[in-house]
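[1] build me a model:
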Amino acid sequence: HQTLRFSSKLPSTASMHALNDRTASLVEKTFARASVQPNMKQHVDRLFEMGRRKKCRQHVNPLSSNHQQPADLIEDWFGKSFRDPQLPLHLDIGCAYGKFCTDMAVQNPSKNFLGVEIRWPAAAFAISKAAELDLPNCHFISCNANIDLEKIMGDATKAGAAISTVSIQFPDPHFKKRNQKKRVLNPQMITIIERHLCDGGTLFMQGDIIEVMGEMRGIARATAEALVDSAEDADEWLEENPIGIKTEREKFVLAKGDKVF
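    Residues are numbered from 1 along each chain as shown. Model prediction:
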């Protein structure tokens, strides 16, 4: 049981004005960041109408018709997304609400971080968080990576960015056999990633479902021509995350005492 006590002391008028000014400023900054993807604006608007709650479906069907359309991005969207678009880039595929990217951006100001997320509401929240933290080296777009990855990575390299890292972390496992075709990684994605990674670049993958991670690893090993697995033995897994910053899902899995592969 919990006792709730309501204070009769209301915030001062000055405090209310300050709060309103901060909210208005955040809305303005979020819309400015979202402007590189015009369709994002309606989702940002809805996000603030709902009080910036993290609320969206956990799973979506990437094969549905509305997720088969190319992302609506303005010309030079990449250059307008970062203060210095020529910094080394870390691309996080399936970034969810973006905390991994924002944490990484805070810790690594000499790198840019771009998160892509298929769920519009999650991407809108992530953009608002980057705006709230005033991160000049972090941005998010909503797209289907299996449709837009070539354009995203191609536009980044054209803007002068060296793509040093691509991460795919805790992807949707799509357990049912009929749904496994919806899994994010396929040979075409490996080919695109390999084409655009800079010399010495890294593809980092992790998850908590060993069958899914084994399949992803198998696809990468069978398809890649230049990328080399960190271990010769396909049954050998890293004991720790070499990046150092954990995703929210990773923290949850480890807190339960489960393994990450």
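[2] contacts and neighbour counts: CA atoms only from here.
    Will do.
[3] SS state for the residue nearest to Q180 when sequence neighbours are not counted?
    Excluding the flanking residues, the one nearest Q180 by CA to CA, 6 or more residues apart in numbering is H174, at 5.4 Å. Following DSSP: H, G, I helix; E, B strand; the rest coil, we place H174 in the coil state.
[4] ranges for the helices of this protein?
    Remark: helices assigned in the chain by DSSP state H are 13-34, 40-49, 77-81, 99-107, 120-132, 145-158, 187-196, 210-223, 248-255.
[5] can you tell me the strand partners of the strand ranked longest in the chain and which way each runs?
    Across the chain, the longest stretch assigned as strand under DSSP state E is strand 197-206. Partners of strand 197-206 in the sheet, by DSSP bridges, are strand 163-169 (parallel).
[6] which residues does the strand it pairs with contact?
    By CA atoms under 8 Å, 6 or more residues apart in numbering, the residues outside strand 163-169 that reach it are 88-95, 153, 156-157, 193, 196-207, 247.
[7] which of the residues you listed are buried?
    88-95, 153, 156-157, 193, 196-198, 201-203, 205-207, 247 (16 or more other CA atoms under 10 Å).
[8] make sure F31 is actually in contact with N39.
    No: with contact defined as CA atoms under 8 Å, F31 does not count as touching N39 (11.2 Å).
[9] more neighbours, those two?
    It is F31, of F31 and N39, that has more neighbours when counted by other CA atoms under 10 Å, with 21 against 15.
[10] roughly how far does the residue lying closest to that one once chain neighbours are set aside sit from R33?
    Distances taken as CA to CA, 6+ apart place K41 nearest to F31, at 6.5 Å, with adjacent residues excluded. As judged by CA to CA, to the nearest Å, K41 and R33 stand 9 Å apart.
[11] before we move on, what about V212?
    34 Å.
[12] same question, E194
    To R33, E194 is 29 Å away according to CA to CA.
[13] try Q58
    Taking CA to CA, one finds Q58 at 24 Å from R33.
[14] comparing these two, which shows the higher neighbour count?
    A count of neighbours by other CA under 10 Å puts R33 above the other of Q58 and R33, at 22 against 9.
[15] what does the model give the residue nearest to Q180 for pLDDT?
    Per-residue pLDDT puts H174 at 73.
[16] burial count for it?
    Residues lying near H174 (other CA under 10 Å) number 16.
[17] run through the stretch 151-261 of the chain and note the low-pLDDT ranges.
    Along the stretch 151-261 of the chain, the parts satisfying pLDDT under 70 run over 175, 179.
[18] which ones are touching the residue nearest to Q180?
    Going by CA under 8 Å, 6+ apart, H174 touches Q180, K182, R183.
[19] redo those residues as CSV? Include distance to L227 and neighbour count.
    CSV is the format used below for the contacts of H174 (distance: CA to CA, whole Å; neighbours: other CA atoms under 10 Å):
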residue, distance to L227, neighbour count
Q180, 25, 13
K182, 24, 19
R183, 21, 17
